[in-house]
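1. have a look at this prediction, sequence included:
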Amino acid sequence: MKHLATIAALALVALATLLVLGETTAFGDEKGVAGTKHDVAIPGTPVCVNCHIPHEAGAEVLWAAKPNTSGPFAGLRPLCFSCHDGTVTTIGTFAFDLSRPLHLRSSGVRGADCDRCHDVHGTPYAKFLKLPGGADFCRNCHEKAGPVNHPVDVNARALGINPDDSSWDPYQGDFSGTRLWNADGTGPGDYVKCLSCHATHGGTPDTQFNTMPIGTLCQNCHKK
Amino acid sequence: MQTGSYGMWGAEHLLPAERHKKLLTLAALGLLSLATAAYILPTLLVGSGTTGVKVSRLVYPASLVQSIDKPVDENWTIPADAVAVGDATFVLDTGNNRIVKLSPDGHVLATYGPHLGTETALQMPMAIASDGRSLFVANSLAGGVLVLDLSGQVQQVLPLPAGVSGKAARPIGVAVLQGGGLVVSDADNDRVFRLDVQGNVLWIAGTGTRAGNEEGFNVPGALAVDAAGDVFVADTLNARVVELSPGGAFLRQFGRRGDTAGLLSRPKGVAVDGAGRVFVSDGLLAAVEVFAPDGTYLGLIGRRDARDIKSISLFTAPAGLSITRGSLLVTDRYAGILSFDLSGARHTSAGGRQPSPADPAATN
């Protein structure tokens, strides 16, 4: 009898665990998306379906293979661009200019595509970034880059350094300039951060991720 | 145990129970084979390109006449829309905030913008329409419609009112009415405006916030108007096209959310031809889908080889659509502009392939 009660209790615990895990797996993303900028659903309707387009089993397929499976527009980019193209939102449209450099990504590889840095299902950080750091976000992976190659997190203006070109506004076609940031890297200020000289998407063509060609970039702050 | 020949089915020497079991197994296998054949055969046939194979559900008869991925000796960045006026095509070079006037062979005849005079500039222009004399541009980040003459001179600036929450209008669709006036969509406030020629608002469709069914829109985008004055709205996030009466009342919808034939994922462009057929570009499905006036799905434009189900799309991210003199102009954000003949005539395709005369459906 005691054994039976134990087994029943264990079964109940297992069932409850499965239910919780199942719900988290199935609806966890929706809970994360709800209330964020990616919650584009009409109130009271499912959040997921705008990106996870439902398939109709047995219906006639349009293509034998998914469109855009190769080239620079492959992977997650078509899905992101389907909103960030100036229709649903104007935010980040410049990131889809294929003539400009973009941080390394592996098209269609989970966690290595756009989702290498962004989690569209909601994060505690701005721009749906997966980790903290703001304009120094890069250092989550490139740990040694800043201190070894160039100082970061230093107050440039306190040292008398004022970039000749301190604007960078890709929405107006301005992809050059050295931006200075506030201390936590979330807005304009006086500090040098990774994104002072680099742009992970939308840099100047043929400069990897620099906002200016290398000579101009240095002289923008380090004047002769 | 019996030895020797079992004959064709191998059952004549078995005991009754074993025979029964074997017959059941064979019957099950037979049924399974039949079901598999029934499921696979149509797919194989559609993909085989055999004469007489039914492909019309997948392919709408339209011939690619010309494709221009970028202007001769020039470039554009993520163009959103284009309209043909006379021999010229005006392309919205959205990423560079300008309009590119193209010759029929793809040479740049002129560019307008970013600045148009001292006080006006193109700011992420998303849609363009024309009545043959003027150009009407949905100037999205400026919150209004710019009216230019064909030489790029500003004639009018038509501002749109802010939404009920105070949010500025962000027009991303525009269409010209035959009797004069415009319809304009406001993506950020989920509304569609009917304007007279002076820019006065005659009616507003939509609730001013995200809505669906017959009440409103969820990011209304591209617009088109048919000969009767009905307005067609690409309701982007509701994955459908809504048809409104000339007075702005809901009439019907085309498509619903999905990724198979006749369904829509991200409708980006809409156009209506003289027969009332509705053409919808889908940026995510990389296709243009065609519907009859009553909503019946007619087929797909965009397959590189109409006779091959495995054929890839001609498009990357199709967006703006317009129809002039029986020709469908598709603006693709990455593939440039593609022109299709809708009359059924055959042409040598610039980016496609010459269809086989044996297959009348294979004209895409």
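-> Cool, the structure landed. Just so it is clear, the model here is predicted, and its values are computed rather than measured. Residues are numbered from 1 along each chain as shown, chains lettered A, B, ... in the order given.
2. thought B:S63 was touching B:F340?
-> Yes. Between B:S63 and B:F340 there is a contact under C-beta atoms under 8 Å: 6.3 Å. For glycine as for every other residue, the C-beta is placed from the backbone atoms N, C-alpha and C.
3. more neighbours: these two, which one.
-> B:F340 (29 against 23; other C-beta atoms under 10 Å in any protein chain shown).
4. phi, psi for that one please.
-> Note on B:F340: backbone dihedrals following degrees, to the nearest 10 are phi -120, psi 140.
5. give me the below-cutoff pLDDT ranges for the chain.
-> As the question left the chain open, I've gone with chain A. A:1-2, A:4, A:9-31, A:147, A:224 (pLDDT under 70).
6. my bad, chain B
-> Counting by pLDDT under 70, chain B contains low-confidence ranges at B:1-57, B:345-364.
7. how about the residues of chain A near chain B?
-> A:40-43, A:45, A:49-50, A:53-56, A:59-65, A:67-68, A:73, A:78-79, A:81-83, A:85-88, A:90, A:93-94, A:96-99, A:171, A:173 (C-beta under 8 Å from any C-beta of the partner chain).
8. which among those end up buried?
-> The neighbour-count test (16 or more other C-beta atoms under 10 Å in any protein chain shown) applied to these identifies A:40-42, A:50, A:53-54, A:62-63, A:67-68, A:73, A:78-79, A:81-83, A:85-88, A:90, A:93-94, A:96-97 as buried.
9. which segments of chain A make up each domain?
-> With automatic domain parsing as the criterion, the domains of chain A are listed as A:32-131, A:132-224.
10. possible to save the ones you listed as CSV with distance to B:N238?
-> Shown next, in CSV, are these (distance: least, C-beta to C-beta, whole Å):
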stretch, distance to B:N238
domain A:32-131, 8
domain A:132-224, 27
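11. out of the ones you listed, flag the one nearest B:V225.
-> domain A:32-131 (19.6 Å; C-beta to C-beta).
12. could you work out the end-to-end span of that closest one for me?
-> Taking C-alpha to C-alpha, to the nearest Å, the span from the opening residue of domain A:32-131 to its closing residue is 16 Å.
13. tell me how far it lies from the chain's centre.
-> 10 Å (C-alpha atoms, centre = their mean, to the nearest Å).
14. next: stretch B:138-149.
-> Offset of stretch B:138-149 from its chain centre (C-alpha atoms, centre = their mean): 23 Å.
15. if you count neighbours, what's buried in it?
-> Applying 16+ other C-beta under 10 Å to stretch B:138-149 flags B:138-148 as buried.
16. restrict those to those near chain A?
-> When the buried residues of stretch B:138-149 are filtered against chain A using C-beta under 8 Å from any C-beta, the residues retained are B:140-141.
17. can I get the buried residues of stretch B:138-149 in JSON lines with secondary structure?
-> JSON lines is the format used below for the buried residues of stretch B:138-149 (DSSP: H, G, I helix; E, B strand; the rest coil):
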{"residue": "B:A138", "secondary structure": "strand"}
{"residue": "B:N139", "secondary structure": "strand"}
{"residue": "B:S140", "secondary structure": "helix"}
{"residue": "B:L141", "secondary structure": "helix"}
{"residue": "B:A142", "secondary structure": "helix"}
{"residue": "B:G143", "secondary structure": "coil"}
{"residue": "B:G144", "secondary structure": "strand"}
{"residue": "B:V145", "secondary structure": "strand"}
{"residue": "B:L146", "secondary structure": "strand"}
{"residue": "B:V147", "secondary structure": "strand"}
{"residue": "B:L148", "secondary structure": "strand"}
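18. A:H142: which of the buried residues of stretch B:138-149 is nearest?
-> For A:H142, the nearest member of the buried residues of stretch B:138-149 is B:L141. The distance, counting by C-beta to C-beta, is 33.9 Å.
19. helix, strand, or coil at the residue nearest to the closest one when sequence neighbours are not counted?
-> On the basis of C-beta to C-beta, 6 or more residues apart in numbering or on different chains, the spatially nearest residue to B:L141 that is not a chain neighbour turns out to be B:Q123, at 3.7 Å. For B:Q123, the secondary structure call by three-state DSSP comes out as coil.
20. repeat for the one 5 residues further on
-> In the three-state summary, B:I128 is assigned as strand, counting by three-state DSSP.
21. any idea how far it is from chain A?
-> Distance of B:I128 to chain A, computed by C-beta to the nearest C-beta, to the nearest Å: 13 Å.
22. no more questions from me, cheers.
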